[in-house]
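Undergrad: Show me how the following folds:
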Amino acid sequence: MIIDYPGLKYRVRTLLWIGLLCTVACGTDTSTKLTIAAASSMGDAISTLADQYGEIADIDIQVVLGSSGALAAQVIQGAPYDVFLSADSTHAARVCSHLKDVNGPMTFALGSLILVHDEQLGADLTELLTSSNNGLISVANPVVAPFGEASIVLFQSLGITDNIQPRLVYGQNALQALQFLVSGSCAMAITSRGLTHRLDTTKYKILSIDSSLYDPITHVALPIKKKSDAIAFVNYLQSDQATMVLEQYGYQTKGIQPVRSKTNSQ
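TA: Residues are numbered from 1 along each chain as shown. The predicted structure is shown next:
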């Protein structure tokens, strides 16, 4: 299934996990395929990474996007994913606690929060958020999406939670929060910098947000299955090729202390 996000000039290949369950149940050979469940905030980056690694390893990679919380729940329920890329360590830890026989997660990047708004609005963060004249603000659902949780911490740090609460619109994930903006449903969106690579910058302004105003958005990779391809992909995320891609999409890869997945798990 191909999903288009008008205005974002964004296309990504995605599969429903129920369909994946059917594929496995029907006995289809998936030995040359790798299925990656990735936080939607990584949409553009994981598409590029999957293409790159697919060529390197000569393997077919399929990507499923969703909020970290929703994907974690699917993994626990038995969705046949090989790798889980979460935008925080909490959801990965929840998976590990339910699936005892898995390798530990590896930290591979830090995400950053940004505000996207119409070019006609001002440039001061607090003023943008608190002025009722600036319309609705879309954010990811803080219950299941780490970027949504970071947004709530941001509002608390600025002391504006009560002021803007009536104007908040919640998307299922960071990608949908941005889509609410480009569809015209909201005037502003707080989302991941990694999703703005293909945004029309002649129409929208991107405002960086001081990372000291919210908790670190730690991205971790977890091989769900003890198969060499899954573990190899997780370790690939620490390679020079992968970190170059991640940095192009606005992720921080330097100064992170990763826990590398074990390679002797087969």
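
Undergrad: burial count for residue 131?
TA: 15 (other CB atoms under 10 Å). (Each C-beta comes from the backbone N, C-alpha and C, glycine too.)

Undergrad: ranges for the strands of the stretch 151-266 of the chain?
TA: 168-171, 188-192, 204-208, 217-223 (DSSP state E, counting those that start in this stretch).

Undergrad: The longest one - what's its average pLDDT?
TA: Looking at strand 217-223 alone, the average pLDDT works out to 94.

Undergrad: same thing with the third one?
TA: The average pLDDT within strand 204-208 is 92.

Undergrad: Direction included, what does it pair up with?
TA: Here strand 204-208 has these sheet partners by DSSP bridges: strand 113-118 (antiparallel).

Undergrad: could you dump the helix or strand that the partner strand is followed by to CSV, C-alpha only?
TA: Using DSSP states H and E, the helix or strand that follows strand 113-118 towards the C-terminus is helix 125-130. Output of helix 125-130 as CSV, limited to C-alpha atoms (Å, rounded to 0.1, in the frame of the first residue of the first chain):
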residue,chain,number,x,y,z
LEU,A,125,7.9,30.5,20.3
THR,A,126,5.9,31.5,23.4
GLU,A,127,4.0,34.2,21.5
LEU,A,128,3.2,31.9,18.7
LEU,A,129,1.8,29.3,21.0
THR,A,130,-0.2,31.5,23.4
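
Undergrad: what's the offset of the helix or strand just after helix 125-130 from the middle of its chain?
TA: Where DSSP H and E defines the elements, the next helix or strand beyond helix 125-130 is strand 137-140. Put simply, strand 137-140 sits 15 Å off its chain's centre (CA atoms, centre = their mean, to the nearest Å).

Undergrad: so what does strand 137-140 touch, helix or strand wise?
TA: With contacts taken as 3 or more CB pairs under 8 Å, 6 or more residues apart in numbering; DSSP states H and E, strand 137-140 sits against helix 146-158, strand 168-171, helix 174-182, strand 188-192.

Undergrad: Would you reformat the ones you listed as JSON lines and include distance to residue 124, mean pLDDT and mean neighbour count?
TA: Compiled in JSON lines, these are given as follows (distance: least, CB to CB, whole Å; pLDDT from 0 to 100; neighbours: other CB atoms under 10 Å):
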{"stretch": "helix 146-158", "distance to residue 124": "11", "mean pLDDT": "97", "mean neighbour count": "22"}
{"stretch": "strand 168-171", "distance to residue 124": "19", "mean pLDDT": "97", "mean neighbour count": "19"}
{"stretch": "helix 174-182", "distance to residue 124": "19", "mean pLDDT": "95", "mean neighbour count": "26"}
{"stretch": "strand 188-192", "distance to residue 124": "13", "mean pLDDT": "96", "mean neighbour count": "30"}
